[in-house]
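Enquirer: Here is a sequence together with a model predicted from it:
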Amino acid sequence: MKTLALILVAALTLCAAGDYSKRRAPGFSLSDSHYQQHDPQDYRGKVLIVDIMATPCGVCATLVDTLVKVKAKYGDKLGIISIVTQPDNHETADRFATAHKLTWPIVFDSGQVIMSYLKVTPSNPQVHFPHIFIVDADGYIRNDFESADVQFETFEGLCDEVDKASKPR
C-alpha cells in the first residue's frame, strides 16, 4: 500500500511540472542597463525566478506587480531576474523598472538564452510572454508557467511554488 501511495505521489509531482521543468536551468551571463552582469550562479543556495517578459506586455506588467509582492515576502531568500529582448532597450527597461518599483535586474538577451529556456526549435518556434521559471537552490527548474496558465499570476500560487522549490527534491 505504501508503494502504491509513493508511486501516486511521484506521478502527481511529474504531472504538476510545466513543459520545460525537471532539468538544470540553462546558464547565462547577461548585462542590465548599467552594464552589470547577472548570472543564475550568483543565486545558488536561493530560489530564483527567471522571468521572460516584454515591457509593452500588459500581462507581463501584471505578473511583475505580483512578483514585487512575492519578493517583499521572501526578501533575500529569493532572487529574480527578468529577461527581455528586442525591441526592449535600456530606456524602456529602466522606465518599466521604475514604474513597477523593481528591486531586481532586467537583463538583455539577443534571443539565445530565451531560446534555451523555452527549447525553441524549428519544430517549436513559439515564444509566449511572459514565461516564468522557478529554479531551486541547486539550479534545477522545479516548475514553469506561461501566460496561458491561470495560477501563475496569483500571489498565493507563486508563494506556493517558491515554498515547494525551497524543499529538497
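Expert: Happy to help now that I have it.
Enquirer: alpha carbons only for contacts and neighbour counts from here, please
Expert: OK.
Enquirer: Do a quick rundown of the helices in the chain.
Expert: Using DSSP state H, the helices found in the chain span residues 2-16, 58-74, 90-99, 112-118, 155-166.
Enquirer: With mean pLDDT, mean neighbour count and distance to residue 50 as new columns, can these be given to me in a markdown table?
Expert: Compiled in a markdown table, these are given as follows (pLDDT from 0 to 100; neighbours: other CA atoms under 10 Å; distance: least, CA to CA, whole Å):
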| stretch | mean pLDDT | mean neighbour count | distance to residue 50 |
| --- | --- | --- | --- |
| helix 2-16 | 35 | 11 | 19 |
| helix 58-74 | 94 | 17 | 11 |
| helix 90-99 | 97 | 15 | 15 |
| helix 112-118 | 91 | 17 | 9 |
| helix 155-166 | 93 | 17 | 12 |
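Enquirer: Quick one, which of the ones you listed gets closest to residue 29.
Expert: Among the helices of the chain, helix 112-118 comes nearest to residue 29, with 9.2 Å by CA to CA.
Enquirer: Dump that closest one to PDB, restricted to CA.
Expert: This file holds the C-alpha atoms of helix 112-118, laid out as PDB (Å, rounded to 0.1, in the frame of the first residue of the first chain):
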ATOM      1  CA  GLN A 112      19.800  32.700 -27.300                       C
ATOM      2  CA  VAL A 113      19.000  32.500 -23.500                       C
ATOM      3  CA  ILE A 114      15.300  32.700 -24.100                       C
ATOM      4  CA  MET A 115      15.600  30.100 -26.800                       C
ATOM      5  CA  SER A 116      17.500  27.700 -24.400                       C
ATOM      6  CA  TYR A 117      15.000  28.100 -21.600                       C
ATOM      7  CA  LEU A 118      12.000  27.700 -23.900                       C
END
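Enquirer: Show residues contacting that helix.
Expert: 20, 25-26, 28, 52, 83, 121, 127 (CA atoms under 8 Å, 6 or more residues apart in numbering).
Enquirer: So which of the helices of the chain is nearest residue 47?
Expert: Across these, closest to residue 47 is helix 155-166 (CA to CA), at 6.4 Å.
Enquirer: what does the closest one rub up against?
Expert: 46-47, 66-67, 69-70, 134-137, 142-143, 151-152.
Enquirer: can you do 10 Å?
Expert: 45-49, 63, 65-71, 73-74, 77-78, 134-138, 140-144, 150-152, 154 (CA atoms under 10 Å, 6 or more residues apart in numbering).
Enquirer: With stretch 59-72 instead?
Expert: 49, 51-55, 58, 73, 75, 77-80, 82, 96-97, 99-104, 129-132, 147, 152-156, 158-159, 162.
Enquirer: repeat for stretch 22-29
Expert: Counting by CA under 10 Å, 6+ apart, 14, 36-42, 50, 107-109, 112-114, 116-117, 133-136, 138-144 sit against stretch 22-29.
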